[in-house]
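[1] sequence and predicted structure below; questions after.
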Amino acid sequence: MIIFAFLITAKISIFTLTAIKPIQSSDKSKKEQVEEMFDNISKRYDFLNHFLSLGIDKGWRKKAIAQLKPLQPKRILDVATGTGDLALEALSLNPTAIVGVDLSEGMLSMGRIKMQKKGCDHLISMVKGDSEKLLFEDNSFDACTVGFGVRNFENLDKGLAEIYRVLKPGAMLVVLEFSKPKAFPIKQLYQFYFSAILPLWGRLISKSQSAYTYLPESVKHFPDGQDFLNHLNQLGFKTTKVKSLSFGICSLYTGIK
C-alpha cells in the first residue's frame, strides 16, 4: 500500500539539479520538459493518485496542514500545487484566500474544474507560474505549502529563497517530500521496487518512460532530512524541523521566516 502511494503521489518528480533533465537528448530546458510531462498526464493524474495510493497521501496532507493550525493563516500560497489537493486540504484552516502556483497548465486546468465542482473556486485560485520567479510582492503570505514539488525546482535554493521572500515575518513554510528509508526491510523493498517494478508501472500507467525513469534519481539525489533543513537554515528560516512519516518514505519539514 505504501509503495503504491509513493509511485503516484510523487507527481512523477524528477532530478532536482540542472545537470539532469528528464530527457537528456532534448534541447528543451528542464522546466519545459517538466511542464510538458505534467501536461501529458494531467487528465489521469487524480484518478491514479487516489486509487493507487489507497488514501495514504491524504493522511500525509492532513498532517502537513495540521502544522499550520496554531497560526491560523489567512492568505496561503501553495507552490507546485498540481491539481490542488493540498490547497483543498488547507481549506480546513478557514483562510480568506489560497493561491496555487504550478508550471503545468494542464494540471492547473484540471484543478480549476475540481475547485468549481467543490464550490471553492472563489477561495482557491490556480495560477500558472514559476516557483523560482514568483509574481507576488514581498511579505504577501501568512503561510506556504509545497507538496511533493521541491524536487522539481530547477534550482532548489532559488525556489526556496523566493518562498522566503513572499512570506510575511513569522509565517511558516510546510514541505512534504519523499525521502530515503534507512531501516530494514523498508530500505531494501524500496530499492527493489525502484529498480525492478517502477519502470514497468510507469510505462503502463503514464505512457511516459522518462518520467518514471527519473523518479528514482530524484529521490536518490535529493538532500533529505537534515541536509534539507540545512538549505532552509542557510536561507534564513528559523525553528526548522523534520518529521519522518510512513517508515521514512515521506518527510514533513517546517520552518519559520
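    Arrived safely, thanks for sending. Residues are numbered from 1 along each chain as shown.

[2] which residue ranges of this structure form strands?
    Using DSSP state E, the strands of the chain run over residues 75-79, 97-102, 124-128, 141-147, 167-178, 238-245, 250-256.

[3] mind listing what's buried in the third one?
    By neighbour count, with 16 or more other Cβ atoms under 10 Å as the criterion, the buried positions of strand 124-128 are 124-126. C-betas here are computed from N, CA, C, even on glycine.

[4] just want the angle from it to strand 97-102.
    Strand 124-128 runs at 30 degrees relative to strand 97-102, counting by axes from the mean of the first three to the mean of the last three Cα atoms, to 10 degrees.

[5] strand partners (parallel or antiparallel) of strand 124-128?
    strand 97-102 (parallel) (DSSP bridges).

[6] what's the answer for the fifth one, then?
    Pairing partners of strand 167-178, with direction, according to DSSP bridges: strand 141-147 (parallel), strand 250-256 (antiparallel).

[7] average pLDDT for the first one?
    Computed over strand 141-147, the mean pLDDT rounds to 98.

[8] quick check: angle from it to strand 75-79?
    30 degrees.

[9] with the last one instead?
    On the basis of the same axes, to 10 degrees, strand 250-256 is oriented at 140 degrees to strand 75-79.

[10] before we move on, the earlier item: tell me the most buried of the strands paired with strand 167-178?
    strand 141-147 (a mean of 26; mean count of other Cβ atoms under 10 Å).

[11] any chance of the strands of the chain in CSV, plus distance to residue 197?
    Shown next, in CSV, are those (distance: least, Cβ to Cβ, whole Å):
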stretch, distance to residue 197
strand 75-79, 30
strand 97-102, 28
strand 124-128, 33
strand 141-147, 24
strand 167-178, 16
strand 238-245, 21
strand 250-256, 19
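
[12] out of the ones you listed, which comes closest to residue 158?
    Shortest separation from residue 158 across the strands of the chain is recorded for strand 75-79, at 12.5 Å, computed as Cβ to Cβ.

[13] look up phi and psi at the closest residue to residue 101 other than its chain neighbours.
    Distance criterion Cβ to Cβ, 6 or more residues apart in numbering; nearest residue to residue 101, sequence neighbours excluded, is residue 129 at 4.3 Å. The phi and psi torsions at residue 129 (degrees, to the nearest 10) take the values phi -170, psi 170.

[14] helices of the chain, start to end?
    Applying DSSP state H to the chain gives helices spanning 2-9, 30-53, 56-66, 85-89, 105-118, 156-166, 186-192, 198-206, 209-221, 226-234.

[15] mean pLDDT lowest for which of these?
    Mean pLDDT values for those show the minimum at helix 2-9, a mean of 46.

[16] still on that earlier bit, wait, which of the buried residues of strand 124-128 is closest to residue 136?
    Residue 136 lies nearest to residue 125 out of the buried residues of strand 124-128, by Cβ to Cβ, at 11.9 Å.

[17] please name the nearest non-neighbouring residue to that closest one.
    Here the nearest residue to residue 125 in space, its sequence neighbours aside, is residue 99; by Cβ to Cβ, 6+ apart that works out to 5.4 Å.

[18] tabulate the buried residues of strand 124-128 (TSV), appending pLDDT and distance to residue 81.
    Output for the buried residues of strand 124-128, formatted as TSV (pLDDT from 0 to 100; distance: Cβ to Cβ, whole Å):
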residue	pLDDT	distance to residue 81
124	98	9
125	98	10
126	98	7
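
[19] going by distance to residue 79, which of these wins?
    residue 126 (12.2 Å).

[20] check contacts around the closest one.
    Residue 126 is in contact with 81, 84, 100, 102, 108, 111-112, 115, counting by Cβ atoms under 8 Å, 6 or more residues apart in numbering.
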